[in-house]
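Engineer: A structural model of the following input is requested.
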Amino acid sequence: MSIKINLSTTIFCLIFLLIGFSGYQISQAQTTNVLSLPPIQLCSVIRDLKFGTIGADVKELQKYLNNNGSPLAQTGFGSSGNETNYFVNLTKNALIKFQQNNKISATVGFFDLATRDFLGCSKPAVIPPIVATPTTTPPVSLCSVTRDLKFGMIGADVKELQKYLNNNGSPLAQTGFGSSGNETNYFGFLTKQALTNFQVKNKLNATGIFDSATRDFLSCEKENNLVPKVETPKQGNNQSTTQSEDNKYSISGSITGISDVVTLHNNNNDIITIKPGDSANFVFPKKIINGSAYNVTVETDNLNQKCYLKNNIGTINNANVDNIRVACGLGLSYNPFTMVFGGGGGSSAVINTYTVAFDGNTSDGGSTATQTLDYNTPTALTANGYTKTGYTFSGWNTVANGSGTAYADTASYTIGTANVTLYAQWTINTYTVAFDGNTSDGGSTATQTLDYNTPTALTANGYTKTGYTFSGWNTVANGSGTAYADTASYTIGTANVTLYAQWTMDCGASDVTFTYNGDSVTYGVVGNNTTGECWLDRNLGATRVALSSTDSQAYGDLFQWGRPADGHQLINRTTGLPVNGTQTPAVANVAPGTNTFIIPSADWSSIDANGATRSANWGVSGSSNSCPTGFRVPTETELNAERTSWSSNNPAGAFASPLKLPVPGYRSGSNGSLGGVGSYGFYWSSTVNSAMSRILYFESGSAGMFSDNRAGGFTVRCIKN
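Structural biologist: Sure thing, here's the model as predicted:
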């Protein structure tokens, strides 16, 4: 793509070079890098260039970098002779290298003011000596300026300021650009230094900005009331008053097709400067009174840019004027309008208009209004307003599937002789799944990147933990969230997530087969990661692991403390009745040799009052230990540790634990009846307390350890040695 440099742009650049050349020579003398002079096109850049910027100024920057020790590439795109208009990674990296090599304190990777200063593009010349001279009355055109004028601005108001400075002892230059009779619309360094000189010698704050303080000094506030006051009688009395704001009306309209700066004037005393990228709608700052004439004119310093007006001349007739039209274009060879005189009225256009409709193309939110464009007039597209969950808008296309012509958001678009529809294009977002070892002591699992709302197999676990087996992932570290198996399918939403490894204690064999009450049974083994203990997965006598806290098939049998599984403990959980009856009184041994339940004493045995023998029998190798080999009845300490690991101190917490403890109730040591079934849990320990023994107890309101008579029938859960 070739770069066209028009005459006005060249003039503008020459002004900048003339203004900044001496400063550039100074900066060159202070650096050890041998750099070439920046070209006119580069020094004329007044905007910051950064990643994503498009334009001929980007290409000029690339040329300069390629020729000054920071090339974009050696060959191919971006290399010398192959520069482009696009500021992407090659340009950014080369600019960063240039800034680092020359120790420029700038926004890294941005062609900003600091970088332009280093190149000498914005170095002011030495301010000439201050010579005090009287000031003349400022002209109306200067006092009508309502905006602050400063470096980089463009407009007819800048030219008026230059004229005033040249005629009041602070000339921009003696000859050539900026001198009297050679003023321009550009606020460069000549203008800034002359204004600073003026401010210093008149004891103003030397900002180099034509601000409100400077305008006050010129007594412009006395000149600004350009509209005469008109006395009109009030109804109902003979007094008169000045013209009110209600009798003033605004002048506004729209502009299309600009590719360079345009200045609009109304009656030569109200000014608007419009740049490419500004709003297409404009309103003049000053309102004018009813009956006044308005005359809008246009000025552009780009000789190739032609502008035409419509509805631009007329008289205010009790209404705001909002139909002024300005159409511009490079090389525009015909007037697209017929001139219409009159205020606040209609228009008749020669140029045809067509519409651009915007289709969300599977969007799920927002909207973008249809846009009306003049034929063959470059116009910025309306900014996208659509959204799509989990996707990023990437531009427009003439075909829904993206196979047509693509346009960036707010890109310039030139419409032909038919209405068109542009379709939103979407790029799917990606999010990450991080894997947390959650107390692991070895291995790792890499973070995984997933497309939004796309089912994907999770990365296989790579963590290890000594003495534990990996059991899956969970969204919460303690396992209370959503669980996922290893390599399970996972569908990610619109945020990054972390999954936590879950661990099960390695308790050896997962099943244990043994003889209980004359029958061969097989129970599972479970571990509690918190306590570090392994247990049978159900109560002695239960037919299955509890499915709920009140699962009767998981209740199991009820033992008198210290007795073997001789049949006295059996409970038919289908009928809810004991299998065997009762007998009295207490027996004088610790192995009764009977299958009946012994009542009504506090202890079923009349010997072993301190329980030492029976506690030993329920131990690791005791004769009354009904647990399978390698298991025993737990101590009070071991049962209490399980209780304190629960999520709540009640039956819900007992069931939610790894042991899934249900509420089997008890058998009375007084009469042998069942009670508390489905409400209470009583679990024996092997620990004695004087004439009683310790049990784990829980019900709806509480849980804890306490002592009870040994004749009562309670549940037994076996712990691994």
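Engineer: Mind jotting down where the strands sit in the stretch 601-721 of the chain?
Structural biologist: 631-632, 666-667, 674-675, 681-689, 692-699, 702-708, 713-714, 719-720 (DSSP state E, counting those that start in this stretch).
Engineer: same for the longest one, what does it pack against?
Structural biologist: Yep, that's strand 681-689 we're talking about. helix 612-617, helix 636-644, strand 692-699, strand 702-708, strand 713-714 (3 or more Cβ pairs under 8 Å, 6 or more residues apart in numbering; DSSP states H and E). C-beta here means a position set from N, CA and C on the backbone, and glycine is covered the same way.
Engineer: at 10 Å what do you get?
Structural biologist: Applying 3 or more Cβ pairs under 10 Å, 6 or more residues apart in numbering; DSSP states H and E, one finds that strand 681-689 makes contact with helix 612-617, helix 636-644, helix 651-656, strand 666-667, strand 692-699, strand 702-708, strand 713-714.
Engineer: Please apply the same query to the third one.
Structural biologist: Other helices and strands packing on strand 674-675, by 3+ Cβ pairs under 10 Å, 6+ apart, are strand 666-667.
Engineer: what's in contact with the strand it packs on?
Structural biologist: Strand 666-667 has contacts (Cβ atoms under 10 Å, 6 or more residues apart in numbering) with 557-560, 568-569, 571, 578, 582, 597, 599, 673-677, 680-682, 695, 697, 708, 711-715.
Engineer: which of the helices and strands packed on strand 681-689 sits most buried?
Structural biologist: strand 713-714 (a mean of 28; mean count of other Cβ atoms under 10 Å).
Engineer: Need the contact partners of it.
Structural biologist: 557-561, 563, 568-569, 571, 578, 597, 604, 664-669, 672-675, 680-685, 693, 695-697, 708.
Engineer: Flag every buried residue along stretch 515-534.
Structural biologist: 517, 521, 523, 525, 526, 527, 528, 529, 531, 533, 534 (16 or more other Cβ atoms under 10 Å).
Engineer: export those residues to TSV and tack on pLDDT and secondary structure?
Structural biologist: Shown next, in TSV, are the buried residues of stretch 515-534 (pLDDT from 0 to 100; DSSP: H, G, I helix; E, B strand; the rest coil):
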residue	pLDDT	secondary structure
517	89	coil
521	97	strand
523	97	strand
525	95	strand
526	94	strand
527	92	strand
528	93	strand
529	88	coil
531	94	coil
533	95	strand
534	95	strand
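Engineer: ok, so of these, who is nearest residue 266?
Structural biologist: Nearest to residue 266 among the buried residues of stretch 515-534, counting by Cβ to Cβ, is residue 529 at 81.0 Å.
Engineer: list the contacts for that closest one?
Structural biologist: Neighbours of residue 529 in contact, by Cβ under 10 Å, 6+ apart: 439, 465, 467-468, 471, 478-479, 502-505, 645, 658.
Engineer: How about residue 300?
Structural biologist: 8, 185, 258, 259, 260, 261, 262, 263, 274, 306, 307, 328.
Engineer: And residue 402, by the same measure?
Structural biologist: Neighbours of residue 402 in contact, by Cβ under 10 Å, 6+ apart: 361, 394, 395, 396, 423, 425, 426.
Engineer: Regarding residue 142, what is its secondary structure?
Structural biologist: Three-state assignment for residue 142 (DSSP: H, G, I helix; E, B strand; the rest coil): helix.
Engineer: just to revisit the earlier point, from the contacts of residue 402, list the buried ones, please.
Structural biologist: Among these, those classed as buried by neighbour count (16+ other Cβ under 10 Å) are 361, 395, 396, 423, 425, 426.
Engineer: can you redo the residues you listed as CSV with secondary structure, distance to residue 296 and pLDDT?
Structural biologist: Compiled in CSV, these are given as follows (DSSP: H, G, I helix; E, B strand; the rest coil; distance: Cβ to Cβ, whole Å; pLDDT from 0 to 100):
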residue, secondary structure, distance to residue 296, pLDDT
361, coil, 41, 98
395, strand, 36, 98
396, strand, 34, 98
423, strand, 38, 98
425, strand, 40, 98
426, strand, 43, 98
